[in-house]
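[1] attaching a predicted model along with its sequence, questions to come.
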Amino acid sequence: MDEIQTFQKMIEGSTNIVVFTGAGISTESGIPDFRSPGGLWEKNRPIDFSEFMSSPEARKEAWRRKFAMEEVLGNAIPNSGHLAIAKLYEQQKIGAVITQNIDGLHQASGIPEEDVIELHGNTTYAKCLDCHERMSLDAVKVKFIPDEILPHCEKCGGIVKTATISFGQAMPVAEMRRAEEEALNCDLMIAIGSSLVVYPAADIPVLARQNGANLVILNREPTPLDGIATLTLNREIGETLSAVT
Ligand code: NAD
Ligand code: ZN
C-alpha cells in the first residue's frame with residue numbers, strides 16, 4: 001500500500017476527523033505563507049503586539065502592509081485543498097476545522113462559520129482593542145489611505161487593529177478552549193500546510209496525538225512534530241487532498 005492509500009484508509013476508518021490548517025493551504029490560492037522562499041517574512045519582519053501598541057509608526061506600518069496585501073487577500077478564492085476539506089465536512093467525516101489562517105477561505109469554501117475555529121483571528125475586519133467594537137476596513141481605509149490617519153474607536157477612543165492575533169498578543173480564550181475540546185474528541189487529526197512551529201497553536205495536534213488520535217501531517221517540508229505523527233506526507237496539498245476525497 002502506498003502512502004496515499006494508507007492516508008485514504010485512515011480517513012475511511014475514522015469517525016471524527018478534525019483538520020488543523022496553516023498558511024500552506026492557502027498558497028495555492030495565491031496568498032504567500034510566512035516561511036517559504038518568497039514568503040512574507042523574506043519581505044517584512046513581523047510587527048509584534050507590544051511594538052504595535054507602543055509605537056504609532058509601527059501601527060502605520062502595520063496598516064500600510066494590510067492595505068498593500070488587500071488586493072491579494074481580497075481577491076483570493078478557495079483552492080482544491082479547501083474544497084476537498086469542505087467535501088469531507090459535507091460527508092460528515094470532519095466535525096471542525098481549526099485554522100491558524102486569517103483569510104476566511106475555509107468559510108468561503110462552504111464550511112459554516114461556527115465550525116471554523118480561528119486561532120489567530122481574522123483579517124477581513126478590524127476591532128477596538130479595549131472595548132472590542134468592530135470596525136470595517138473601509139472605515140479605516142477612508143482616513144488612512146489619503147492621510148495615514150490612524151484609526152481610533154468611536155465608542156471609547158481605543159486603539160483599533162485588524163481582528164488578528166499578532167505575535168505577543170493573547171490567544172482568544174473561547175477559540176483555544178474549543179480547539180482543545182475538538183483535539184480531545186477526534187480520532188484523526190490532519191495537520192495541513194503548517195510549519196508547526198508557532199505556539200500555542202501547535203500544541204493542538206500534540207494534544208490530539210497524546211490523547212490517542214492518529215495524526216497525519218501533510219506539508220511540503222518536514223516539521224518538528226513529524227516524530228510523533230502516525231503518517232507524514234511531504235507532498236503538495238491540493239493534489240494530495242483531491243486524491244483522497
Ligand atoms: P508557515 O508559513 O510557517 O508554514 C507553512 C508551511 O506550509 C510551510 O512549511 C510550507 O512548506 C508549507 N506549504 C506551503 N505551500 C504548500 C503546498 N502547496 N503544499 C504543501 N505544503 C505547503 O505557516 P503557519 O504554520 O500557518 O504559521 C504562520 C502564521 O502566519 C500562522 O499563524 C498564520 O496566522 C499566519 N499566516 C496566515 C496566512 C493566511 O491566512 N493565509 C498567510 C500567512 C501567514
Ligand atoms: Zn472601543
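    Looks like it arrived, so ask away. Ligands and ions are numbered 1, 2, ... in the order given.
[2] and the longest strand along the chain, does that touch ligand 2?
    Across the chain, the longest stretch assigned as strand under DSSP state E is strand 121-128. Yes - applying C-beta under 5 Å from the ion, one finds strand 121-128 touching ligand 2 at Cys128. Heads up, the C-betas are built off the backbone N, CA and C, glycines and all.
[3] and the contacts of the helix or strand following that strand?
    Sequence-wise, the next helix or strand downstream of strand 121-128 (DSSP states H and E) is strand 134-135. Residues from elsewhere that reach strand 134-135 (C-beta atoms under 8 Å, 6 or more residues apart in numbering): 125-128, 151, 153-154, 160, 163.
[4] and what of stretch 136-149?
    Here stretch 136-149 has contacts from 60, 63-64, 66-67, 70, 124-126, 150-151, 160, 162, using C-beta under 8 Å, 6+ apart.
[5] with stretch 119-130 instead?
    With contact meaning C-beta under 8 Å, 6+ apart, stretch 119-130 is reached by 53, 66, 73, 98-104, 133-137, 139-140, 151, 153, 155-156, 158-165, 171-172, 175-176, 179, 201, 204.
[6] anything in that stretch near ligand 1?
    Yes - residues of stretch 119-130 contacting ligand 1 under C-beta under 6 Å from any ligand atom: His120.
[7] so who does Gly104 touch?
    By C-beta under 8 Å, 6+ apart, the neighbours of Gly104 are 122, 124.
[8] now do it against ligand 1, distance only.
    Shown here: Gly104 relative to ligand 1, a distance of 8 Å by C-beta to the nearest ligand atom, to the nearest Å.
[9] for the chain, what helix or strand is lowest in average pLDDT?
    Sorting the helices and strands of the chain by mean pLDDT, DSSP states H and E puts helix 40-43 at the bottom, at a mean of 69.
[10] next secondary structure after that helix?
    Next element after helix 40-43 (DSSP H and E): helix 49-54.
[11] please see if that following helix touches ligand 1.
    No - residues of helix 49-54 are not located near ligand 1 by C-beta under 6 Å from any ligand atom, the shortest gap being 13.4 Å.
[12] and the next helix or strand past that helix?
    Scanning onward from helix 49-54 (DSSP H and E), the first element met is helix 56-75.
[13] give me the contacts around that following helix.
    30-32, 44, 47, 51-52, 103, 123-124, 137, 140-141, 144-145, 148, 150-151, 159, 161-162.
[14] can you tell me which two in the contacts of strand 134-135 are farthest apart?
    By the measure C-beta to C-beta, Glu154 and Ala163 form the most distant pair in the contacts of strand 134-135, at 16.3 Å.
[15] what about these two, which has more around it?
    Ala163 (20 against 12; other C-beta atoms under 10 Å).
[16] what does Pro37 show for phi and psi?
    As for Pro37, its main-chain torsions (degrees, to the nearest 10) stand at phi -60, psi 130.
[17] that one and Lys66, how far apart?
    Going from Pro37 to Lys66 by C-beta to C-beta, to the nearest Å gives 23 Å.
[18] so which of these two has more stuff around it?
    More neighbours surround Lys66 than the other of Pro37 and Lys66, with 19 against 6 (other C-beta under 10 Å).
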